[in-house]
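S.K.: output the structure for:
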Amino acid sequence: MNIHDNYQKNKKNIFFSKNKEIQNHREKLINIFENDRFDKKNNDSLKNINLKNFFDFKYKYLFPEEISVINNNHDNSYSIVSVNGQCSNFKDDKIEITKILEEDYNDFSNNNTFEENDHFVNLNSLFLNCGFKIVIKKNNNIKIKISNIVTDDDLTIFQKNNFICEEGSSLNLIEEYENKNNSTLNILNVIKLEKHSQLNHFLIQDNSTNHNLIITSHSSCKKDSTYTQKVYNFSEGYVRNFHYSELLEINSEADLQGIFFLKDSNTSNNKTFVKHLAENCKSNQVYKGILKDLSKATYFSNTHVDQVAQKTEGYQLSKGILLSENASYFSKPELKIYADDVKCSHGSTIGPIDENAIFYLRSRGMSKIAATKILISSFINEELSSINNEQMSDIIQKKLLRYLSAIK
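M.R.: The predicted structure follows:
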């Protein structure tokens, strides 16, 4: 079913369908889809995807019978199970969790960082059917783990979440996506860091072959705040990671990192984009990938430095190892600099595993398979050793061993 027919048939079941302002915005989105020719060549959001799977689909959403679970572990940590994008309300002296409201939708739709032709973001706004807001209250230091569960096959979940770190707060956030059903999960996260706040954000992605995961995020950082994001993609199904960040005030930082492990005929699209809009800000964008069999990946990295953003430091790096001749990884770094007192650089290296290193290890009595596994582990060792969360480190190590065990 095409997008227009899907919307007309299901709009009564979509969030905020009675709000005229939101309805007008959605009509504009429908016009974009109807007038767009879906040019894969010039649209980053359409690389390596089957258009029919995502834009000619049957809308289906089920409100979960079981209410999501929120546990306060009484050690400044919380465990949340989000079911089909829904989360129960919760409030204490440290955090507050509520469903998203109409004003939250407007906060998303008025964001001009996203490109107008990012069709997955537009789909999310058009068919929005779930989402929640989490506020970390002032001067609190907490941990949250969210397990994102999809209950049934063929669901189309369009979810918006809002994370707000109030002044002086610190959040260690782990999000897990491990679904084995045939569904599509399209999530848009908006993350706001107030002055002197910090968010360490880990995303673990490990879905089955027929499960599609599209995650887009936008973080905004005020004075002396830091947003760190680390993505670990072990999924066998399609995954898109598009992550944007704005450094709004002095001494703010954004660190966007990702590692993906692809095999078979799997694909993954990745993008990071940081806007420097104030002085003395830093950004880091680093993505690494291991690809075997017929797998494909893209990574677009962008740094925009405004003319007022003097003393900027911006770094981009892309690295990939191709374990087969039929795997492909396309990387495109971009710098747009309008200030003159900056330190910015970018680099990209993609290719087969180092045969000289393989030969050296084999000359020491090691098999080719064992040598390959050691070199892959070494390739991502810096990122793994930088994980300062023991729980996260154990999870990633186990998934890495599973991926390496399939190399033959």
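S.K.: for the stretch 301-408 of the chain, which segments count as strands?
M.R.: 312-322, 328-337, 342-352 (DSSP state E, counting those that start in this stretch).
S.K.: can I get those strands in JSON lines with distance to Ile290?
M.R.: Yep, even glycine has a C-beta here, placed from its N, CA and C like the rest. Converted to JSON lines, the strands of the stretch 301-408 of the chain look like this (distance: least, CB to CB, whole Å):
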{"stretch": "strand 312-322", "distance to Ile290": "5"}
{"stretch": "strand 328-337", "distance to Ile290": "10"}
{"stretch": "strand 342-352", "distance to Ile290": "11"}
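S.K.: please identify the deepest-packed of those.
M.R.: With neighbours defined by mean count of other CB atoms under 10 Å, none of these is more surrounded on average than strand 312-322, at a mean of 21.
S.K.: list the helices and strands that strand packs on?
M.R.: Packed against strand 312-322 by the contact rule (3 or more CB pairs under 8 Å, 6 or more residues apart in numbering; DSSP states H and E) you find strand 267-276, strand 282-291, strand 296-305, strand 328-337, strand 342-352, helix 368-379.
S.K.: who does it pair up with?
M.R.: When pairs are called by DSSP bridges, strand 312-322 turns out to pair with strand 282-291 (parallel), strand 342-352 (parallel).
S.K.: how far out from the middle of the chain is the shortest one?
M.R.: This means strand 282-291. Distance of strand 282-291 from the chain centroid (CA atoms, centre = their mean, to the nearest Å) equals 13 Å.
S.K.: doesn't Tyr78 make contact with Val69?
M.R.: No - under the criterion of CB atoms under 8 Å, Val69 is not in contact with Tyr78, lying 10.5 Å apart.
S.K.: contacts for stretch 398-408 next, please.
M.R.: Contacting residues not belonging to stretch 398-408 are listed as 204, 206, 232, 234, 261, 263, 290, 292, 323, 369, 372-373, 376-377, 380, 384 [CB atoms under 8 Å, 6 or more residues apart in numbering].
S.K.: picking that back up, now the strands of the stretch 301-408 of the chain as TSV including distance to Gln198 and mean pLDDT?
M.R.: Written out in TSV, the entries for the strands of the stretch 301-408 of the chain read as follows (distance: least, CB to CB, whole Å; pLDDT from 0 to 100):
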stretch	distance to Gln198	mean pLDDT
strand 312-322	18	96
strand 328-337	26	95
strand 342-352	23	93
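S.K.: for Ile396, find the nearest of those.
M.R.: Nearest of the strands of the stretch 301-408 of the chain to Ile396, taken as CB to CB: strand 312-322 at 17.5 Å.
S.K.: relative to strand 296-305, how tilted is that closest one?
M.R.: Orientation note: strand 312-322 sits at an angle of 170 degrees relative to strand 296-305 (axes from the mean of the first three to the mean of the last three CA atoms, to 10 degrees).
S.K.: dump the C-alpha coordinates for strand 312-322 into PDB.
M.R.: Included here for strand 312-322 are C-alpha records, laid out as PDB according to Å, rounded to 0.1, in the frame of the first residue of the first chain:
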ATOM      1  CA  THR A 312      37.000  24.400  17.100                       C
ATOM      2  CA  GLU A 313      38.500  20.900  17.200                       C
ATOM      3  CA  GLY A 314      36.800  18.400  14.900                       C
ATOM      4  CA  TYR A 315      38.000  14.900  13.900                       C
ATOM      5  CA  GLN A 316      36.600  12.300  11.500                       C
ATOM      6  CA  LEU A 317      37.800   8.800  10.800                       C
ATOM      7  CA  SER A 318      36.400   5.800   8.900                       C
ATOM      8  CA  LYS A 319      38.000   2.400   8.700                       C
ATOM      9  CA  GLY A 320      36.800  -0.900   7.200                       C
ATOM     10  CA  ILE A 321      38.100  -4.400   6.700                       C
ATOM     11  CA  LEU A 322      36.700  -6.400   3.800                       C
END
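S.K.: now that strand against strand 328-337, angle please.
M.R.: Relative orientation of strand 312-322 with respect to strand 328-337: 170 degrees, computed using the same axes, to 10 degrees.
S.K.: and the angle for strand 312-322 with helix 368-379?
M.R.: For the pair strand 312-322 and helix 368-379, the angle between their directions (the same axes, to 10 degrees) equals 170 degrees.
S.K.: if we can go back for a sec, export the helices and strands packed on strand 312-322 as TSV, with columns for distance to Pro64.
M.R.: Formatted as TSV, those follow (distance: least, CB to CB, whole Å):
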stretch	distance to Pro64
strand 267-276	28
strand 282-291	33
strand 296-305	33
strand 328-337	37
strand 342-352	42
helix 368-379	39
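S.K.: Asp93 is nearest to which of the ones you listed?
M.R.: In this view, the helices and strands packed on strand 312-322 are compared for proximity to Asp93 by CB to CB, and strand 282-291 is the closest at 32.8 Å.
S.K.: quick one: the closest one to strand 267-276, angle?
M.R.: The directions of strand 282-291 and strand 267-276 differ by 170 degrees, with the same axes, to 10 degrees as the criterion.
S.K.: with just CA atoms, put strand 282-291 into CSV.
M.R.: Extracted C-alpha coordinates of strand 282-291, given in CSV (Å, rounded to 0.1, in the frame of the first residue of the first chain):
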residue,chain,number,x,y,z
LYS,A,282,35.1,19.5,20.2
SER,A,283,33.7,16.8,18.1
ASN,A,284,34.8,13.2,17.3
GLN,A,285,33.3,11.0,14.6
VAL,A,286,34.7,7.5,14.2
TYR,A,287,33.1,4.5,12.5
LYS,A,288,34.7,1.1,11.9
GLY,A,289,33.3,-1.9,10.0
ILE,A,290,34.0,-5.5,9.4
LEU,A,291,32.3,-6.9,6.3
